[in-house]
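Asks: could you work out the structure for the sequence below:
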Amino acid sequence: MRVYAAGSLRAVMAEMARSFSHAGGTPLTATFGASGLLRERLENGEAADVFASADVANVEALHRAGRARPPIVFARNWLCALAAPGADVTTATLLDRMLDAGVKLGTSTPKADPSGDYAWQLFEKADKLIPGAFAKLDGKALKLVGGRDSPQPPPNRSLYGLLITERKADIFLTYCTNAIEAAREISGASVVTLPESLAVGASYALVVMRDARLNAERFALFVISIPGQEILGRYGFTPVATP
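Replies: Residues are numbered from 1 along each chain as shown. Here you go, the predicted structure:
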């Protein structure tokens, strides 16, 4: 069975696939990438049975076009800041540090990758706190991942961890799950929670494609079942269907 999924789901989908197979389900072949780019590939004729996106808009677009069944929200995530070793950043100082001309601010690519869209939502919130902040952040943000020509994650390593190690970014805005994974790999890196005034949440949704194999619906049910939701919780996502 063919599953297209957001890159931030890479690790959790690997465990999902193993658990689903052990429960008698069909083995999965997963393709990962930026959700917006995956949607475009599906719109252009590539075949998948299930598409799991890091937002709702991309799966809704496929549903509206008649290519997929109604979307199901299966998990939530949050935006965090991943700080490079030696970067002096706290929740209280985050916005000031992001606005600092000497600080490299990394993001994903808006429109291609929902993580980038969420970062720009943060910029809009920042502008309400400090007029002019949006223009400054929009102008300085380095779109390092999630684009058509962006580097791919190295095997068994966090791309975000690699980018801050190479100092391509001093602060990287990404999902909390990605930031936690990178901080585990990189000594001295830290995960900075956004202040409430800048907090941005992410809803993850999936769709079963119209021409999907029969077992695709079974896999979608597994994702929102208690075992599937427990797997998501272990990887730092906020489940939506656990007791």
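
Asks: all contacts plus neighbour counts: C-alpha atoms, from now on.
Replies: Fine.

Asks: just give me how far the strand or helix carrying F32 sits from the chain centre.
Replies: According to DSSP states H and E, F32 maps onto strand 29-33. Between the centre of strand 29-33 and the centre of its host chain there is 14 Å, according to CA atoms, centre = their mean, to the nearest Å.

Asks: direction included, what does it pair against?
Replies: Note on strand 29-33: by DSSP bridges, its sheet partners are strand 2-6 (parallel).

Asks: and the strand ranked longest in the chain, which strands flank it?
Replies: Using DSSP state E, we find that the single longest strand of the chain is strand 72-83. Applying DSSP bridges to the sheet, strand 72-83 is found paired with strand 171-175 (antiparallel), strand 190-193 (antiparallel), strand 201-208 (antiparallel), strand 238-239 (antiparallel).

Asks: ranking these by burial, who's on top?
Replies: Greatest average neighbour count among the strands paired with strand 72-83 goes to strand 171-175 (a mean of 27), per mean count of other CA atoms under 10 Å.

Asks: how about residues contacting that strand?
Replies: Strand 171-175 is contacted from outside by 8, 77-84, 87, 98, 103-108, 115, 119, 160, 164, using CA atoms under 8 Å, 6 or more residues apart in numbering.

Asks: where in the protein is pLDDT low?
Replies: For the chain, no stretch has pLDDT under 70.

Asks: okay, helices next: where are they in it?
Replies: 10-22, 35-43, 57-64, 94-99, 114-129, 133-140, 159-165, 176-185, 215-223, 226-234 (DSSP state H).

Asks: so what does the first one touch, helix or strand wise?
Replies: If contacts are counted by 3 or more CA pairs under 8 Å, 6 or more residues apart in numbering; DSSP states H and E, helix 10-22 sits against helix 215-223, helix 226-234.

Asks: and with 6 Å instead?
Replies: Contact partners of helix 10-22 among helices and strands, from 3 or more CA pairs under 6 Å, 6 or more residues apart in numbering; DSSP states H and E: none.

Asks: could I get the CA-only coordinates of it as CSV?
Replies: Extracted in CSV, the C-alpha atoms of helix 10-22 (Å, rounded to 0.1, in the frame of the first residue of the first chain):
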residue,chain,number,x,y,z
ARG,A,10,9.0,10.0,8.8
ALA,A,11,9.9,8.3,12.1
VAL,A,12,6.3,7.8,13.3
MET,A,13,5.1,6.4,10.0
ALA,A,14,7.9,3.8,10.1
GLU,A,15,6.6,2.5,13.4
MET,A,16,3.0,2.8,12.2
ALA,A,17,3.9,0.6,9.2
ARG,A,18,5.5,-2.1,11.5
SER,A,19,2.6,-2.1,13.9
PHE,A,20,0.0,-2.2,11.1
SER,A,21,1.8,-5.1,9.4
HIS,A,22,2.1,-7.0,12.7
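
Asks: how about it: buried residues?
Replies: By 16 or more other CA atoms under 10 Å, the buried positions in helix 10-22 come out as V12, M13, M16, A17, S19, F20.

Asks: which among those gets closest to G45?
Replies: M13 (23.2 Å; CA to CA).

Asks: ok so, going back, right, so of the helices of the chain, which gets closest to A205?
Replies: Across the helices of the chain, closest to A205 is helix 57-64 (CA to CA), at 7.0 Å.

Asks: between the closest one and helix 35-43, how big is the angle?
Replies: 20 degrees (axes from the mean of the first three to the mean of the last three CA atoms, to 10 degrees).

Asks: could you dump helix 57-64 to CSV, C-alpha only?
Replies: The C-alpha trace of helix 57-64 is given here as CSV (Å, rounded to 0.1, in the frame of the first residue of the first chain):
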residue,chain,number,x,y,z
ALA,A,57,-5.6,22.7,3.5
ASN,A,58,-3.7,20.3,1.2
VAL,A,59,-5.9,17.3,1.9
GLU,A,60,-9.0,19.4,1.6
ALA,A,61,-7.8,20.5,-1.8
LEU,A,62,-7.7,16.9,-3.0
HIS,A,63,-11.1,16.2,-1.6
ARG,A,64,-12.7,19.3,-3.2
